[in-house]
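Visitor: Quick check, what structure comes out for this input:
(one chain, ligands or ions: 1)
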Amino acid sequence: YPLLKKMRRPWRIPKQRAKLPPGSMGWPFVGETLQLYTQDPNVFFVTRQKRYGEVFKSHILGCPCVMLASTEGARFVLVTHAQLFKPTYPKSKEKMIGPSALFFHQGNYHNLIRKLVQSSLSPDTIRKLIPSIESVAISALESWSSGHIINTFHEMKKFSFDVGILSIFGHLNSNFRQMLNNNYHIVDKGYNSFPTKIPGTAYHKAVSARKRLNQILSEIICERKEKGLLEKDFLGNLLNFKNEKGEILTEDQIADNIIGVLFAAQDTTASVLTWILKYLHDDQKLLEAVKAEQMAIYEANGRGEKPLTWAQTRNMPLTYRVILESLRMASIISFTFREAIVDVEYHGYLIPKGWKVLPLFRNIHHNPEFFPNPRIFDPSRFEVAPKPNTFMPFGNGVHACAGNEIAKLEMLVLIHHQVTRFRWEVVGSQNGIQYGPFPVPHQGLPARFWKEPVNLE
Ligand code: HEM
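Guide: Here you go, the predicted model:
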């Protein structure tokens with residue numbers, strides 16, 4: 001029987017035989033947290049990978065963990081043995097977003113919500129949003145081009161927030177939009193601050209703003225129910241859901257998932273867009289080529305008279321490769337966290353129950369074996385599809401990004417309008433990275449935008 005059990009569960013080994021992976025657990029209590037947060041995190045991961053190999057242990061943020069820098073390791077945790085690992089976030093962050101948000105869950109509840117998100121963000125649904133995304137993009141670009149210096153990342157956050165609102169509510173009246181925006185902004189500011197109940201602190205203000213968001217969402221839901229609207233957007237899908245027993249979702253479940261999607265959508269897309277602007281600015285020849293690709297579409301659309309079509313957004317090969325290479329190069333989600341729910345064996349090493357497991361996407365995206373000269377920005381490398389499981393900017397497996405199509409769509413739309421009708425220059429120091437917590441260019445990439453003079457020929 002024990003042999004049978006072992007055969008059925010090849011990932012389990014008797015504890016006495018297992019050994020932990022190599023690596024350092026750092027100082028008592030703090031582990032290696034200081035080393036991780038006082039230096040470029042990429043240096044932290046890469047030096048350890050060089051020293052210990054592709055599987056190593058560490059101790060960060062109060063937790064023992066195993067880091068996996070190989071494609072096989074990431075696949076093991078996220079895909080083939082995903083049932084042995086659960087998502088894990090600090091309690092304070094879970095509370096801030098809302099404990100019923102899908103990414104904290106595993107199993108039936110996660111599947112159910114994920115299906116609702118996926119159908120709201122499917123290509124068939126988001127293609128209808130193109131004109132609205134275009135108008136959000138154009139008004140953002142117009143507002144940046146008054147000659148003053150903008151913080152590109154902050155402005156991109158407003159853009160990705162507005163697109164997030166579109167994908168959740170379709171058209172939302174401006175009063176509600178403004179209220180959501182103001183309170184979400186306070187939540188966002190407190191999200192990464194020290195969790196405390198002391199009034200006046202960023203965290204405490206964020207908790208209060210999060211409660212107000214629930215009230216606002218409740219009013220929006222009420223209004224929708226009164227009007228009897230049966231929309232197909234994410235809110236509509238959440239409201240219309242009924243299982244075979246006739247049960248519906250609670251208002252908290254609805255609110256937590258709406259805030260969860262906004263949260264997943266905003267900083268991620270905004271940081272990638274900021275990087276794209278930097279990479280294009282740093283390579284004027286590439287920028288000209290992207291511009292030529294987009295101008296052809298612009299002209300075909302009567303110089304922007306007609307809206308972009310879905311087919312056009314699917315046929316921007318160079319721009320698309322720039323997006324893929326930016327996702328690889330910046331690897332804004334450098335890694336993700338899971339927690340082992342049982343003792344697991346991987347490659348002869350023990351991953352003890354309760355330990356965190358970190359697939360290191362960035363190390364994989366910067367491995368010269370898969371991406372030669374990984375520090376060089378070269379979109380042409382994507383003329384050939386990357387080897388399977390080597391490119392995971394949107395994660396992998398059951399928790400992989402549910403918004404990757406809309407993220408790519410909004411980036412293509414913004415770039416289209418930006419390069420055809422606007423110019424920009426980066427102001428001040430152009431190098432350096434800031435972590436907040438995603439990597440963004442130094443000071444959010446201060447830049448000046450202006451409108452391209454109209455050519456009347
Ligand atoms: C370029 C922008 C984006 C990047 C790089 C990105 C990346 C990711 C990654 C790596 C994950 C998986 C995390 C993990 O496994 O722990 C994820 C999950 C998720 N993303 Fe995105 N994302 C982006 C934009 C968006 C947008 C625009 C939306 C929604 C409108 C979105 C919605 C989600 C959701 C709902 C999940 C959780 C899925 C689940 O747990 O089942 N993301 N994203």
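
Visitor: Going by C-alpha atoms from here, please, whenever you check contacts or count neighbours.
Guide: Noted.

Visitor: Count the neighbours of the residue in the stretch 101-250 of the chain that the ligand sits nearest to for me.
Guide: The minimum distance from the stretch 101-250 of the chain to the ligand, using CA to the nearest ligand atom, falls at Phe103 (3.5 Å). When counting by other CA atoms under 10 Å, one arrives at 23 neighbours for Phe103.

Visitor: What of Thr33?
Guide: Neighbour tally, Thr33, other CA under 10 Å: 18.

Visitor: and if you look at the one 4 residues further on?
Guide: Counted by other CA under 10 Å, the residues lying close to Tyr37 total 13.

Visitor: That one is in what secondary structure piece?
Guide: Using DSSP states H and E, Tyr37 falls within helix 33-38.

Visitor: looking at it, the residue of the stretch 101-250 of the chain closest to the ligand is touching His110, isn't it?
Guide: Yes - Phe103 sits in contact with His110 when judged by CA atoms under 8 Å, with a separation of 7.4 Å.

Visitor: what separates the longest helix anywhere in the chain from the chain centre, distance-wise?
Guide: Ranked by residue count and defined by DSSP state H, the top helix of the chain is helix 251-282. Here helix 251-282 is found 6 Å from its chain centre; the criterion is CA atoms, centre = their mean, to the nearest Å.

Visitor: Show me the shaky parts of the chain.
Guide: By pLDDT under 70, the low-scoring segments of the chain are 1-17, 38-39, 229-230, 454-457.

Visitor: Contact residues of it facing the ligand?
Guide: 102-103, 114, 164, 261, 264-265, 268-269, 272, 333, 336, 393-395, 398-404, 406-407 (CA under 6 Å from any ligand atom).

Visitor: Which of the residues you listed fall in helices?
Guide: Reading helices off these with DSSP H, I get 114, 164, 261, 264-265, 268-269, 272, 404, 406-407.

Visitor: which two of those lie the greatest distance from each other?
Guide: Maximum pairwise distance among those (CA to CA): 23.6 Å, between Arg114 and Val272.

Visitor: Compare these two (neighbour count), which wins?
Guide: Ranked by neighbour count (other CA under 10 Å), Arg114 and Val272 place Val272 first, with 27 against 19.

Visitor: That one and Thr250: what is the separation?
Guide: Distance of Val272 to Thr250, given as CA to CA, to the nearest Å: 34 Å.

Visitor: What of Ala74?
Guide: Distance from Ala74 to Thr250, by CA to CA: 34 Å.

Visitor: Neighbour count: these two, which is higher?
Guide: Ala74 (29 against 11).

Visitor: That one: which element?
Guide: Going by DSSP H and E, Ala74 is part of helix 71-75.

Visitor: and what of Ala292?
Guide: helix 284-300.

Visitor: Who are the packing partners of the helix or strand following the helix holding Ala74?
Guide: Next along the chain after helix 71-75, taking DSSP H and E as the criterion, comes strand 85-87. Applying 3 or more CA pairs under 8 Å, 6 or more residues apart in numbering; DSSP states H and E, we find strand 85-87 packed against strand 338-340.

Visitor: neighbouring strands for the strand it packs on, and are they parallel or not?
Guide: strand 85-87 (antiparallel), strand 356-359 (antiparallel) (DSSP bridges).

Visitor: Make TSV from those strands and add mean neighbour count to it.
Guide: What follows is the strands paired with strand 338-340, written out as TSV (neighbours: other CA atoms under 10 Å):
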stretch	mean neighbour count
strand 85-87	21
strand 356-359	26
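
Visitor: Distance to Leu350 added to the ones you listed, as a markdown table?
Guide: Output for the strands paired with strand 338-340, formatted as a markdown table (distance: least, CA to CA, whole Å):
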| stretch | distance to Leu350 |
| --- | --- |
| strand 85-87 | 14 |
| strand 356-359 | 12 |
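
Visitor: got a list of what the residue nearest to Val322 when sequence neighbours are not counted touches?
Guide: Computed as CA to CA, 6 or more residues apart in numbering, the closest residue to Val322 that is not its neighbour in sequence is Pro379, at 5.2 Å. Neighbouring residues of Pro379 by CA atoms under 8 Å, 6 or more residues apart in numbering: 318, 321-322, 324-325.

Visitor: and if we set it to 7 Å?
Guide: 321-322, 325 (CA atoms under 7 Å, 6 or more residues apart in numbering).

Visitor: just those residues now: which is nearest the ligand?
Guide: Closest to the ligand, out of all of the contacts of Pro379 and judged by CA to the nearest ligand atom, is Glu325, at 11.8 Å.

Visitor: What is the burial count for the closest one?
Guide: Using other CA under 10 Å: Glu325 sits among 22 other residues.

Visitor: separation between the closest residue in space to it that isn't next to it in sequence and the ligand?
Guide: Sequence neighbours aside, Pro379 is the residue nearest to Glu325 in space, at 5.1 Å (criterion: CA to CA, 6+ apart). Using CA to the nearest ligand atom, to the nearest Å, one gets 16 Å for the distance from Pro379 to the ligand.

Visitor: before we move on, what about Val384?
Guide: Val384 is 21 Å from the ligand, by CA to the nearest ligand atom.

Visitor: in the sheet, who's paired with the nearest residue to Gln106 once chain neighbours are set aside?
Guide: Spatially, and ignoring its direct neighbours in sequence, Gln106 is nearest to Lys86 (6.6 Å; CA to CA, 6+ apart). Beta-bridge partners for Lys86, by DSSP bridges, are Glu339.

Visitor: Contacts only, for Lys86.
Guide: By CA under 7 Å, 6+ apart, the contact list for Lys86 reads 106, 338-341.

Visitor: Can you say which two of those residues are spatially most distant?
Guide: Gln106 and Ala340 (12.8 Å).

Visitor: what about the two, which has more around it?
Guide: The neighbour count for Gln106 versus Ala340, taken as other CA under 10 Å, is higher for Ala340 (23 against 16).
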